[in-house]
Structures are given as structure tokens and as C-alpha cells.
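Participant: Sequence first, predicted model second:
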Amino acid sequence: MDTKYQALIDESRRRGLTGLDRLRTCMELLSTARAIDRDCAIRLGSHGLSEGRFVLLFLLRDRTDGLAPHVLADRAGVTRGTITGLLDGLERDGLVRRTPDPEDRRRVRVMLTTSGEAVTARAFQEHAGWIAGLTAGLSAEEQADLVRLLGKLRAGLASEDGS
């Protein structure tokens, strides 16, 4: 567990707060998520990618006709302002190119370059194997239980914030 999370648990125990088991469970989950994020960033970074850039390349994979920037933004769950910055960087690195839309020249379509296709294939192969390995130590039943329990936690979050 991350030191900062352990410090919160220790301080809560020192103050005599109740619900330490629930707090520990949440802190273990947060610590695990941070470790996964950290490893993900390192692995994608070895390909010169961030998670956001990787998602865009993956969305463009096998799309010979490309996608409009606003479609990429919607599918990646980012704002249109964010998509512009991500695409600028990918284009500067030679991984994507913007071309006029053949049906409406006021619009553009984003496509992978040959270099982008190669990077995407390598990164996806490695990333998919790494992700599959994260739960390799769990049985199929344990994986199903984990998915169910995480869904239950997300449902609790949704009801707490009114969404």
C-alpha cells in the first residue's frame, strides 16, 4: 500500500475513528489503481505514448477512412480542446496525418501514418498482454467476483453524487 494511504489509516486508528476496515479496503483499491496507472505510463512511455495518445491511435487502428477529430474526442471521452493538443503532438511525431474530408473539404479526417500503424501494433500487442497478465493469478470465478464488486462500488459512487 502507498505510504500516504497507510498514513491515513494510521492516523485514523490513532484518532479512534471507526470503519477502519472499510477505509483500508478503499486505500488498497486506490493504491492498486495508482500502481496500475504508473506501470501503464511506463510501458506506454517506452513507445513515446501517453494513455491518451495510445487510445487515439487504437481508435484509428484499422480505420482506413480515418475519423473526424470530434468523433475521436467523443469516443476517447475527452474535450475537443484536448483532442486538438493530442492530435498536434501525434502529427508532429509523424504518427497521424490530417487530411481533408472527401465529402466536405471544410472538415478533416485523421488517419494513422505507416509509422503510426507500426507503433500502434507494437504498443497494442505489448499492452494487451500486460493487461491480461494483471489478472492472470485470479481464477475465472475470482475475476467475475472482482468485476461484480467493482461495479457495485461504481454504482455506490453514482448514487452518492446524484448521477
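Facilitator: That came through, no problem.
Participant: domains for this protein, by residue range?
Facilitator: Domain ranges of the chain: 1-45, 47-160, per automatic domain parsing.
Participant: And the first one, how far out from the chain middle?
Facilitator: Going back to what we said before, that points to domain 1-45. 20 Å (CA atoms, centre = their mean, to the nearest Å).
Participant: likewise stretch 41-51?
Facilitator: Per CA atoms, centre = their mean, the centroid offset for stretch 41-51 relative to its chain is 11 Å.
Participant: ok, how many other residues are close to Arg92?
Facilitator: 9 (other CB atoms under 10 Å). Where you see a C-beta, it was placed from the backbone N, CA and C, and this is true even at glycine.
Participant: quick revisit: mean pLDDT added to the domains of the chain, as CSV?
Facilitator: Shown next, in CSV, are these (pLDDT from 0 to 100):
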stretch, mean pLDDT
domain 1-45, 90
domain 47-160, 93
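Participant: Against Leu44, how distant is the residue nearest the centre of the chain?
Facilitator: Geometric centre of the chain, nearest residue: Glu51, 5.5 Å, by CA atoms, centre = their mean. From Glu51 across to Leu44, the span is 6 Å (CB to CB, to the nearest Å).
Participant: before we move on, what about Thr120?
Facilitator: For Thr120, the distance to Leu44 - CB to CB - is 11 Å.
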